[in-house]
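S.K.: Sequence isn't available, so here's the structure alone:
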């Protein structure tokens with residue numbers, strides 16, 4: 001039985017075939033696109049469980065492909081990039097990517113990341129509904145839905161997971177490194193600004209909604225979801 005279907009998007013056919021070899025050894029089925037426009041078409045027609053997405057692509061780049069996919073789907077995306085700058089990583093995560101791997105990479109590491117992300121993103125699909133509720137706020141991790149004052153707010157998956165994690169542990173302070181480990185689930189090489197960016201975007205959505213809770217910065221430590229009696 002196949003573990004799932006992976007769409008590999010890269011214009012380097014050698015990389016595509018290498019990843020296909022390793023993924024098929026682990027019982028994944030694999031489909032391949034070599035340019036951005038084809039990637040968008042194949043995502044719609046093949047309905048993969050995950051996308052491995054290169055950034056530097058012909059026709060549409062990886063950022064544009066990620067934006068297009070996120071308009072209609074929360075399926076996990078792992079970005080493949082030859083660039084190591086923090087800006088690239090932050091941008092990918094802001095657009096809704098779930099993970100990134102910097103080239104050159106070890107194919108075994110990519111397979112391990114694929115399995116880890118699929119485990120995380122499928123963990124909420126059991127019978128129990130994963131939801132937290134506060135005044136004018138509902139965070140539902142089963143349906144990946146954020147409701148603020150009764151309205152559904154479009155929220156990238158990682159932002160929603162971060163808010164759910166904080167709101168599930170009210171008044172507990174988390175360091176940035178703890179949040180990177182517990183929400184992103186892997187070593188982010190010290191890119192703690194990732195957390196700051198996601199908190200900033202969440203605050204823009206939640207500003208002045210209620211006086212009974214808030215996302216609070218604990219200076220020199222990290223963040224907490226603070227509730228007030």
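M.R.: Ah, there it is. All figures in this text were calculated on a predicted structure; none of them were measured in a lab.
S.K.: who are the neighbours in contact with the residue most central in space within the chain?
M.R.: Geometric centre of the chain, nearest residue: residue 98, 2.5 Å, by Cα atoms, centre = their mean. Residue 98 is in contact with 76-78, 117, 120-121, 157-158, counting by Cβ atoms under 8 Å, 6 or more residues apart in numbering. C-betas here are computed from N, CA, C, even on glycine.
S.K.: what helices or strands is the longest helix along the chain leaning on?
M.R.: Longest helix of the chain, by residue count under DSSP state H: helix 107-122. Counting contacts by 3 or more Cβ pairs under 8 Å, 6 or more residues apart in numbering; DSSP states H and E, helix 107-122 is packed against helix 13-25, strand 50-54, strand 77-81, strand 99-102.
S.K.: low-scoring stretches of this structure, by residue?
M.R.: Counting by pLDDT under 70, the low-confidence segments of the chain come to 1-2, 83-89, 122-129, 186-191, 229.
S.K.: Which parts of it are strands?
M.R.: Using DSSP state E, the strands of the chain run over 4-9, 28-33, 50-54, 77-81, 99-102, 131-134, 137-140, 145-148, 151-153, 174-175, 213-218, 222-227.
S.K.: What strands flank the last one, and is each parallel or antiparallel?
M.R.: Spelled out, that is strand 222-227. Strand 222-227 pairs in its sheet with strand 174-175 (antiparallel), strand 213-218 (antiparallel), by DSSP bridges.
S.K.: can you check the second one too?
M.R.: The pairing partners recorded for strand 28-33 under DSSP bridges are strand 4-9 (parallel).
S.K.: Quick check, residue 29 in contact with residue 20.
M.R.: No: using Cβ atoms under 8 Å, residue 29 makes no contact with residue 20, being 9.8 Å away.
S.K.: of the two, who's got more company?
M.R.: More neighbours surround residue 20 than the other of residue 29 and residue 20, with 18 against 15 (other Cβ atoms under 10 Å).
S.K.: for that one, what are its contacts?
M.R.: 8, 30, 32.
S.K.: Save these as a markdown table, and put in distance to residue 202 and neighbour count too.
M.R.: Output for these, formatted as a markdown table (distance: Cβ to Cβ, whole Å; neighbours: other Cβ atoms under 10 Å):
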| residue | distance to residue 202 | neighbour count |
| --- | --- | --- |
| 8 | 32 | 26 |
| 30 | 35 | 19 |
| 32 | 35 | 18 |
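S.K.: Including distance to residue 62, could these go into TSV?
M.R.: Formatted as TSV, these follow (distance: Cβ to Cβ, whole Å):
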residue	distance to residue 62
8	12
30	18
32	15
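S.K.: would you list the helices and strands packed on helix 107-122 in TSV and tack on distance to residue 134?
M.R.: Output for those, formatted as TSV (distance: least, Cβ to Cβ, whole Å):
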stretch	distance to residue 134
helix 13-25	41
strand 50-54	32
strand 77-81	30
strand 99-102	29
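S.K.: among these, which is the most enclosed?
M.R.: strand 50-54 (a mean of 25; mean count of other Cβ atoms under 10 Å).
S.K.: Please name the strands paired to that one in the sheet, noting orientation.
M.R.: strand 4-9 (parallel), strand 77-81 (parallel).
S.K.: got the contact list for it?
M.R.: Counting by Cβ under 8 Å, 6+ apart, 4-12, 15, 19, 39, 43, 62, 65-66, 69, 75-81, 97, 110, 114, 117-118 sit against strand 50-54.
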